[in-house]
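Trainee: How does the following fold in three dimensions:
(one chain, ligands or ions: 1)
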Amino acid sequence: MLLNGQASDIINSVHIKTIIISRVLRLRGLKGQIVMQLSPILKSSSVIKRYAGNPVLSKNDMPFESKLVFNAGVTKYNGKYVMVFRNDYGGGENSVTKTNLGVAFSDDGIRWDVREKPLVFRGYDENEIRRFYDPRLTVIDGKVFVCFAVDSRHGVMGGIGTTGDFEHVDIISVSTPDNRNMVLFPEKASGLYVRLERPFPVYSRGADRFDMWLSKSPDLRFWGESSLVLAVEDVPYANNKIGPAAPPVRTDKGWLTLFHAVDKDEGRGKNGWEDFWKKRYCAGIALLDLENPEKVIGMSKEPLIAPETYYESDEGYRQNVIFPGGMILEDSGEVKIYYGAADTVECLATADVTDLLNLCTEKRLSPKELKAT
Ligand code: BMA
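Mentor: Numbers count the residues shown, from 1 in each chain. Below you'll find the predicted structure:
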């Protein structure tokens with residue numbers, strides 16, 4: 001939970017739920033097509049630069065069957081950038097029926113070479129588990145860990161595995177349902193592994209209201225000491241759910257942490273392949289305490305990345321989706337942010353680390369102070 005001076009003004013801020021009205025503006029897109037402008041209008045932070053050659057990876061780069069390439073985890077390992085991405089395929093026109101996870105390597109984090117074969121998971125019951133998806137990568141003490149979501153016959157779960165060769169993933173642990181979006185911190189805190197996660201409480205929160213939690217483990221198998229980190233009502237541009245995105249990055253000021261934040265509007269109709277898609281996913285950014293990562297030091301009240309370009313909001317399977325899964329801090333201070341766009345392609349945006357920290361820590365006026373100015 002938010003524990004510093006920012007807490008009250010974030011929690012007291014006018015929540016998006018109260019300002020969403022069922023309205024969709026129709027505008028002409030770049031290619032002359034009609035595009036939907038969602039209300040309320042959300043814009044990306046001015047500190048964000050999208051890579052001009054986006055997407056960095058799509059179905060066109062695949063050596064195997066592919067329709068949608070997105071929601072990748074990215075890390076640096078043995079001098080290379082490594083990406084594990086979700087690849088959806090199969091089905092007829094505008095549908096997919098299968099998922100596997102592909103692997104790509106890069107020297108610059110921009111141009112990627114895709115491995116011929118997708119990852120093979122080991123150590124699970126094939127009758128129970130239907131697919132693995134939305135991978136995240138964290139290197140801890142030189143070892144690569146893969147977090148992933150699991151669809152099983154008995155619910156959605158989150159898991160952790162390890163890989164040495166990027167050909168196989170050996171599963172270490174899988175949660176109980178319903179949990180997902182797990183990401184591992186690259187270092188232990190007080191001798192324990194730490195992960196962010198997003199359980200789905202079905203009872204007691206009313207409609208879908210899903211928050212970001214943190215758990216600790218001595219061995220990556222047994223998880224406990226769980227605590228709430230950030231609740232959906234703490235995020236002014238979310239009214240539905242939030243969840244962890246990329247594994248946090250250490251800075252002098254704290255753990256720089258991306259999350260996804262969802263607003264939903266029943267007035268939204270068709271945008272994408274499905275008859276109805278009522279949600280919009282933005283990327284948000286927060287700073288967590290280095291010693292006690294369950295403590296939020298600060299959080300930007302605006303989205304870091306909101307869907308705006310044609311590949312984020314006018315095309316693809318589920319439009320208006322920004323789903324980050326990788327964040328890399330370069331020695332130059334540049335931060336590379338990798339995100340799935342519209343559940344269809346994988347994209348890159350960059351920002352300066354100082355700008356991102358300022359977004360999370362700048363002094364904000366409380367509603368009372370604002371009135372007085
Ligand atoms: C979430 C997950 C993600 C997906 C997102 C937007 O619930 O299924 O894989 O990117 O929805 O569709």
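Trainee: gap between the residue nearest the centre of the chain and the ligand?
Mentor: Central residue of the chain (Cα atoms, centre = their mean): residue 245, 2.8 Å from the mean position. According to Cβ to the nearest ligand atom, to the nearest Å, residue 245 and the ligand sit 11 Å apart. (C-beta placed from N, C-alpha, C; glycine too.)
Trainee: residues contacting that residue?
Mentor: 181, 183, 257, 258, 259, 260, 283, 323, 324, 325, 327, 339 (Cβ atoms under 8 Å, 6 or more residues apart in numbering).
Trainee: Just the pLDDT for it.
Mentor: The model reports residue 245 with a pLDDT of 98.
Trainee: Going by contacts, tell me the helices and strands next to the longest helix seen in the chain.
Mentor: Ranked by number of residues, the top helix in the chain under DSSP state H is helix 353-361. With contacts defined as 3 or more Cβ pairs under 8 Å, 6 or more residues apart in numbering; DSSP states H and E, the packing partners of helix 353-361 are strand 254-264, strand 279-288, strand 296-299, strand 334-341.
Trainee: Give me the buried positions along that helix.
Mentor: Within helix 353-361, the residues that count as buried by 16 or more other Cβ atoms under 10 Å are 353, 356, 357, 359, 360, 361.
Trainee: so can I have TSV of those residues showing distance to the ligand?
Mentor: Putting those into TSV (distance: Cβ to the nearest ligand atom, whole Å) gives the following:
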residue	distance to the ligand
353	26
356	23
357	27
359	24
360	24
361	29
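Trainee: want to throw these into JSON lines with pLDDT and distance to residue 306?
Mentor: Converted to JSON lines, those look like this (pLDDT from 0 to 100; distance: Cβ to Cβ, whole Å):
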{"residue": "353", "pLDDT": "98", "distance to residue 306": "21"}
{"residue": "356", "pLDDT": "98", "distance to residue 306": "16"}
{"residue": "357", "pLDDT": "97", "distance to residue 306": "20"}
{"residue": "359", "pLDDT": "97", "distance to residue 306": "14"}
{"residue": "360", "pLDDT": "97", "distance to residue 306": "17"}
{"residue": "361", "pLDDT": "91", "distance to residue 306": "21"}
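Trainee: Looking at those residues, which is nearest residue 86?
Mentor: Of all these, residue 356 has the smallest distance to residue 86: 25.3 Å, by Cβ to Cβ.
Trainee: now the closest one: how far from residue 338?
Mentor: Relative to residue 338, residue 356 is positioned 15 Å away (Cβ to Cβ, to the nearest Å).
Trainee: need the helices for this protein, in chain order.
Mentor: Counting by DSSP H, the helices of the chain are 6-12, 16-19, 310-313, 353-361, 367-372.
Trainee: for the ligand, what are the nearby residues on the stretch 251-373 of the chain?
Mentor: Residues of the stretch 251-373 of the chain lying close to the ligand (Cβ under 6 Å from any ligand atom) are 281, 318, 321, 323, 340, 343.
Trainee: want to throw the residues you listed into TSV with pLDDT and neighbour count?
Mentor: Output for those, formatted as TSV (pLDDT from 0 to 100; neighbours: other Cβ atoms under 10 Å):
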residue	pLDDT	neighbour count
281	98	30
318	97	20
321	98	26
323	98	25
340	99	29
343	98	22
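Trainee: Dig out what residue 305 forms beta bridges with.
Mentor: On the basis of DSSP bridges, residue 305 is bridged to residue 283.
Trainee: Please work out how many residues are found near it.
Mentor: Look at residue 305: counted by other Cβ atoms under 10 Å, it has 27 neighbours.
Trainee: okay but it is in contact with residue 285, surely?
Mentor: No - the criterion here is Cβ atoms under 8 Å, and residue 305 misses it with residue 285 at 9.1 Å.
Trainee: give me the residue from the stretch 1-150 of the chain nearest the ligand.
Mentor: Nearest to the ligand, among the residues of the stretch 1-150 of the chain, is residue 134, at 4.9 Å (Cβ to the nearest ligand atom).
Trainee: Tell me the one of the buried residues of helix 353-361 nearest residue 205?
Mentor: Minimum distance to residue 205 across those is 26.0 Å, recorded for residue 360 (Cβ to Cβ).
Trainee: For the closest one, list the residues it contacts.
Mentor: 254, 256, 285, 286, 287, 297, 298, 299, 300.
Trainee: Please apply the same query to residue 71.
Mentor: Counted by Cβ under 8 Å, 6+ apart, residue 71 has contacts 85, 86, 133, 134, 135, 323, 325, 340, 343, 346.
Trainee: about what we covered before: and the contacts of residue 245 as JSON lines, adding distance to residue 68?
Mentor: Shown next, in JSON lines, are the contacts of residue 245 (distance: Cβ to Cβ, whole Å):
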{"residue": "181", "distance to residue 68": "18"}
{"residue": "183", "distance to residue 68": "22"}
{"residue": "257", "distance to residue 68": "26"}
{"residue": "258", "distance to residue 68": "21"}
{"residue": "259", "distance to residue 68": "22"}
{"residue": "260", "distance to residue 68": "17"}
{"residue": "283", "distance to residue 68": "19"}
{"residue": "323", "distance to residue 68": "12"}
{"residue": "324", "distance to residue 68": "17"}
{"residue": "325", "distance to residue 68": "14"}
{"residue": "327", "distance to residue 68": "22"}
{"residue": "339", "distance to residue 68": "14"}
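Trainee: who's in contact with the nearest residue to residue 66 once chain neighbours are set aside?
Mentor: Sequence neighbours aside, residue 59 is the residue nearest to residue 66 in space, at 4.1 Å (criterion: Cβ to Cβ, 6 or more residues apart in numbering). Residues counted as contacts of residue 59 (Cβ under 8 Å, 6+ apart) are 66, 67, 68, 69, 345.
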